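structure, please.
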Amino acid sequence: GWADNVAAQNLSTDVLNDCLHYSFRVCSIVEARESSREGKVAAKKEIHKQVDVEMADGTRPGPSIQSLVDKAVSARLKQAKAPIKNVSR
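This next block holds a predicted model:
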């Protein structure tokens, strides 16, 4: 006949008793991973908002470099074309 394996029965009882602990551990690992992922997503969204604000600041209308250069050059040309006064002695 068949003989019961006492070691296998003890092992199966131990595994059955530990299943609850295994499931709680799996749940805590998944929750920790999700919490970490949510933190990373929140940080990325905050950085995205900051970059959007900085980009908006950079695209505000104002004098362009070209217009500033044009004004400076025309002012210099006007000074150069201004009649030179002869100083009589």
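
what about the residue most central in space within the chain, which SS state?
Closest to where the C-alpha atoms of the chain average out (CA atoms, centre = their mean) is K44, at 3.4 Å. Assigned with DSSP: H, G, I helix; E, B strand; the rest coil, K44 falls in the helix class.

need the contact list for it.
K44 sits next to no residue when contact means CB atoms under 8 Å, 6 or more residues apart in numbering. All C-beta atoms are positioned from the backbone trio N, CA, C, and that covers glycine.

where does the chain dip in pLDDT?
Across the chain, the ranges flagged by pLDDT under 70 are 57-61, 83-89.

how about the helices in it?
Along the chain, counting by DSSP state H, helices occupy 6-58, 65-81.

just give me the neighbour total for V15.
10 (other CB atoms under 10 Å).

should've said G39
Residues lying near G39 (other CB under 10 Å) number 10.

where's it relative to S28, distance?
Distance from G39 to S28, counting by CB to CB, to the nearest Å: 16 Å.

cool, and N17?
In this structure, N17 and S28 are 19 Å apart, going by CB to CB.

same deal with A7?
Counting by CB to CB - A7 and S28 are separated by 31 Å.

next one: L11
L11 is 25 Å from S28, by CB to CB.

G1 now?
Applying CB to CB, the value for G1 to S28 is 45 Å.

who has more neighbours out of the two?
Each of G1 and S28 has its neighbours counted (other CB under 10 Å); S28 has more, 10 against 2.
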